[in-house]
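>>> pasting a predicted model and its sequence here:
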Amino acid sequence: MSPPATRREKYPIMMKKSPTHPLRARFARDIVAEIVLPIRQTGRVAIFVSGLPSSPNKKSLLQFLASQGYVAIFPRYRGTWESDGFFLERSPAQDIRDVIDDLTKNKGFTDIATGEFQKIKVSAIHLFGTSFGGPAVILNSHLPIVKKIIALAPVLDWHSVEKTEPQKQHIRFVEAGFGGAYRLHHKSDWQKLIKTDFYNPSDHTQSIIGKKILILHCADDTVVSSAPIRSFAEKTGATYALKPKGGHAINITHLFFWKKISAFVNT
């Protein structure tokens, strides 16, 4: 067992004060998101896109990103958790695109609790996507407002994932363990992931702008294999870094990862 992480390992840069409780808003009518504002806006917005399944509690992560000067946003896919609609009726990449479009068009959001409009300075959007959320950020690399993409142990090819975590097994776990948190209109929509190019980065390498993308992965990940990374990077020009050990869960506040992220987003 590894020794407990020190505060510096967990938070490589000392966190500045940020709001204790995230604000809550709706984007594109259907999508509920939590937002933490920085003390002073820099024009940078970070949108964090989660895995599947995943807990909707990302308060500490949002606060960390806000402490780095980001307006930190965590949307729930349509048809999941508090958001309306049906999961996988549209590509999750479209859900994130709709959040981006709404945010950039309106230059802010309405806080649900108070009804007040919060103005946001948006000069650059950085997308952070983990595991299942990897395709949602990678497939939005073509948007001009998206300047940097950090993909954490991302799914790059669903056929590769099928070998390490068979879809039937995954679906059974989500349905039995998370109930109504993930609501599909048709159960057959699960099949879109492995039978179509609906949400598969490896099928869209020609349109992906790799220079915007940093992929972080651990070589011993047994949930989402790191095997497709080299080929994907060669085809798209994406940057990647592999950590020998660490499994599937990547904590961006860990010194190893945040140093690479910080260097990448500041180039």
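Right, received. Where do you want to start? Not measured: the values here are computed from a predicted model. Residues are numbered from 1 along each chain as shown.

>>> can you tell me which residues contact Gly249?
Quick fix: residue 249 reads Ala, not Gly. Neighbouring residues of Ala249 by CB atoms under 8 Å, 6 or more residues apart in numbering: Ala153. From N, CA and C alone the C-beta is placed, and that goes for glycine too.

>>> for it, pull up the helix or strand it's in.
Element membership for Ala249, per DSSP states H and E: none, as it lies in no helix or strand.

>>> distance check, it against Asp220.
According to CB to CB, to the nearest Å, Ala249 and Asp220 sit 12 Å apart.

>>> just Phe257 next, same as before
Per CB to CB, Phe257 is found 15 Å from Asp220.

>>> so for the two, which residue has more residues nearby?
Ranked by neighbour count (other CB atoms under 10 Å), Phe257 and Asp220 place Phe257 first, with 21 against 13.

>>> which residue comes closest to the more buried one once chain neighbours are left out?
Leu216 (5.6 Å; CB to CB, 6 or more residues apart in numbering).

>>> so the one you found, which of the three states?
Secondary structure, DSSP: H, G, I helix; E, B strand; the rest coil: Leu216 is strand.

>>> for the stretch 1-150 of the chain, what spans make up the strands?
23-27, 31-36, 44-49, 71-75, 108-110, 117-119, 124-130, 146-152 (DSSP state E, counting those that start in this stretch).

>>> which residues of the protein score low on pLDDT?
Low-confidence segments of the chain (pLDDT under 70): 1-20.

>>> for it, which segments count as helices?
Secondary structure of the chain by DSSP state H: the helices cover 7-10, 59-67, 92-106, 134-138, 158-164, 167-178, 192-195, 229-236, 255-265.
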